[in-house]
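K.L.:
predicted model follows, preceded by the sequence.
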Amino acid sequence: MTLLEVESLVVSYGAIRAVRGIDFALSDGECVSLLGANGAGKSSSLKALSGLMRPASGRVHFDGKPVTGLPAHEMARMGVTLVPEGRQVFATLTVRENLELGGFNQSHEHNQEDLTRVLETFPSLEARLNALAGNLSGGEQQMVALGRALMSRPRLLMLDEPSLGLAPLVASQIFEVIRSIAASGIAVLLVEQNVHRALGIASRGYVLELGEITLQGSSADLLANEHIRRAYLGHGMGEGE
């Protein structure tokens, strides 16, 4: 079943068009990656889909319902959750408070169940529950951001550069968690500079260049594509972290 359908999406910053009429879709439980260089329009697309920005034009359907231009809190209630680039945890709140904020739409019972599940996924956070999130390492903050997103019980989890700025070992741990999230049946839309890692998790991918989708296909086909290999896998964006 198609969970997310995007048609002719345009995202603008004043007179500048960051996204130029893209079309793509994602099925329930599927993991799809948006690929491209910095400035290609990937983050702008996620902001528009999550309700943080209003599209200039185009149509977005989620679970068969028109949702174009709905604000972020309404998209969150529908099950669309974004983990933004840079993590953006609430630095002056504790880890527990950050996680509980993710479940603001859920019942107390669900929050307790989900907190237990998040701490099983990220055991190192249990000892840090009462620590201020701003005092954590970058990797720990990414765990909090992912955990906070999971507390909302998302149907679609959108991740914007989850490995950015992380040490290689920590980035590998984060990718394994993303893989397990995708395997659990939650739909994932992944924006990630590490193309090899992203396509290793996703079943399909779309390549954005200057705000337009220029290539799409299965992960295997994209990894074998000469343009992808030359543009992304040969310049520090490949198998290594």
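P.N.:
Received, thanks.
K.L.:
I figured residue 102 hits residue 145, correct?
P.N.:
No - in this structure residue 102 lies outside contact range of residue 145 using CB atoms under 8 Å: 9.1 Å. For glycine as for every other residue, the C-beta is placed from the backbone atoms N, C-alpha and C.
K.L.:
strands of this protein, start to end?
P.N.:
2-13, 16-27, 31-35, 57-62, 65-66, 80-83, 156-160, 187-191, 204-209, 212-218 (DSSP state E).
K.L.:
what does the first one contact?
P.N.:
What that stands for is strand 2-13. The contact list for strand 2-13 (CB atoms under 8 Å, 6 or more residues apart in numbering) reads 17-30, 41, 44-45, 47-49, 53, 55-64, 155-156, 187, 189, 211.
K.L.:
buried ones in it, by neighbour count?
P.N.:
For strand 2-13, the neighbour count (16 or more other CB atoms under 10 Å) marks 3, 4, 5, 6, 9, 10, 11, 12 as buried.
K.L.:
grab the nearest non-local neighbour of the first one.
P.N.:
Distances taken as CB to CB, 6 or more residues apart in numbering place residue 28 nearest to residue 3, at 4.3 Å, with adjacent residues excluded.
K.L.:
so what's the one you found up against?
P.N.:
Residue 28 makes contact with 1, 2, 3, 155, 187 under the criterion CB under 8 Å, 6+ apart.
K.L.:
for those, give me TSV that also has distance to residue 84 and pLDDT.
P.N.:
As requested, these are exported to TSV (distance: CB to CB, whole Å; pLDDT from 0 to 100):
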residue	distance to residue 84	pLDDT
1	27	90
2	25	96
3	21	98
155	18	97
187	18	98
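K.L.:
now for the residues you listed, which pair is the farthest apart?
P.N.:
Spatial extent of the contacts of residue 28 (CB to CB) is set by the pair 2 and 155 at 12.6 Å.
K.L.:
where does pLDDT dip in this protein?
P.N.:
Judged by pLDDT under 70, the chain has its weakly predicted residues at 234-241.
K.L.:
distance of the residue nearest to the spatial centre of the chain relative to residue 197?
P.N.:
Central residue of the chain (CA atoms, centre = their mean): residue 159, 1.3 Å from the mean position. As judged by CB to CB, to the nearest Å, residue 159 and residue 197 stand 12 Å apart.
K.L.:
and if you look at residue 29?
P.N.:
Between residue 29 and residue 197 the distance is 20 Å, computed by CB to CB.
K.L.:
and if you look at residue 208?
P.N.:
For residue 208, the distance to residue 197 - CB to CB - is 17 Å.
K.L.:
do the same with residue 148
P.N.:
On the measure of CB to CB, residue 148 and residue 197 end up 22 Å apart.
K.L.:
phi, psi of residue 14?
P.N.:
phi 60, psi -130 (degrees, to the nearest 10).
K.L.:
tell me the buried residues in stretch 34-49?
P.N.:
Buried, per 16+ other CB under 10 Å, within stretch 34-49: 34-36, 40-49.
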